[in-house]
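Asks: model this:
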Amino acid sequence: MSGAARIRVIGIGSPFGADRIGWEVAEALRERLAPDPIGVERGNAAGVQIELADRPGVELLHLMDQAREVILVDAILVPGARRARVRWVERAELEACSSSHSSHGLGVAEALALGEVLARLPPRLAVLGIEVDPDADAPAGTVAAGVEMILGALSPRIEAERPQPLVNA
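Replies: Sure, this is the predicted structure:
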């Protein structure tokens, strides 16, 4: 990871089934931003750096280092979910999660809680969760919906739709 990006989007997942959805959204966002003529450099368009993380655990804190704003994109595995749901995850919901519900070992919620205790979280941090059935492919349009929500959050013209940070500066 070179230099400090203003905004970092981190797709979290694994190579297995529905847990790939965070990666797929991040990869689609990278493709969408690539034609941007402003500041394109190794996936960094207009100050947005995109990373993929394979079940990062505590390594998530390192991936967020030096970014002013981070958006995490991760699957929320819901057995039997009939449709995918793309949504901003509230802080209270993260606090209620435990690693027993995560395929990432030390889950995202625990890594963020540790980061808060260690004062290693970025000034703005949001989590985009994508509810999917772990035994099924995400329905068509789910990845595009995730990309659109992130683009909306990054747009300075749509400040009202920007998710509230989990931790304020």
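
Asks: Can I get the lowest-mean-pLDDT helix or strand in the chain as PDB, trimmed to CA atoms?
Replies: Among the helical and strand segments of the chain, the one scoring lowest on mean pLDDT, DSSP states H and E is helix 91-96, with a mean of 78. Extracted C-alpha coordinates of helix 91-96, given in PDB (Å, rounded to 0.1, in the frame of the first residue of the first chain):
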ATOM      1  CA  ARG A  91     -22.600   0.800  15.100                       C
ATOM      2  CA  ALA A  92     -25.000  -0.900  17.600                       C
ATOM      3  CA  GLU A  93     -25.300  -3.800  15.200                       C
ATOM      4  CA  LEU A  94     -21.600  -4.200  14.900                       C
ATOM      5  CA  GLU A  95     -21.200  -4.100  18.700                       C
ATOM      6  CA  ALA A  96     -23.800  -7.000  19.000                       C
END
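
Asks: name the helices or strands packed onto it?
Replies: Under the contact criterion of 3 or more CB pairs under 8 Å, 6 or more residues apart in numbering; DSSP states H and E, helix 91-96 touches helix 108-117. In this view, the C-beta of every residue, glycine as well, is placed from N, C-alpha and C.

Asks: next one: the helix it packs on to chain centre, how far?
Replies: Here helix 108-117 is found 15 Å from its chain centre; the criterion is CA atoms, centre = their mean, to the nearest Å.

Asks: Tell me which residues of that helix come out buried.
Replies: Val108, Ala109, Glu110, Ala111, Leu112, Leu114, Gly115 (16 or more other CB atoms under 10 Å).

Asks: Report all helices and strands that that helix contacts.
Replies: helix 59-64, helix 91-96.

Asks: Pull out the buried positions in the first one.
Replies: If I follow you right, that is helix 59-64. In helix 59-64, counting by 16+ other CB under 10 Å, buried: Leu60, Leu61, Leu63, Met64.

Asks: of these, closest to Asp135?
Replies: Closest approach between the buried residues of helix 59-64 and Asp135, by CB to CB: Leu60, at 25.9 Å.

Asks: Next one: Val89 from Gln66, what distance?
Replies: According to CB to CB, to the nearest Å, Val89 and Gln66 sit 23 Å apart.
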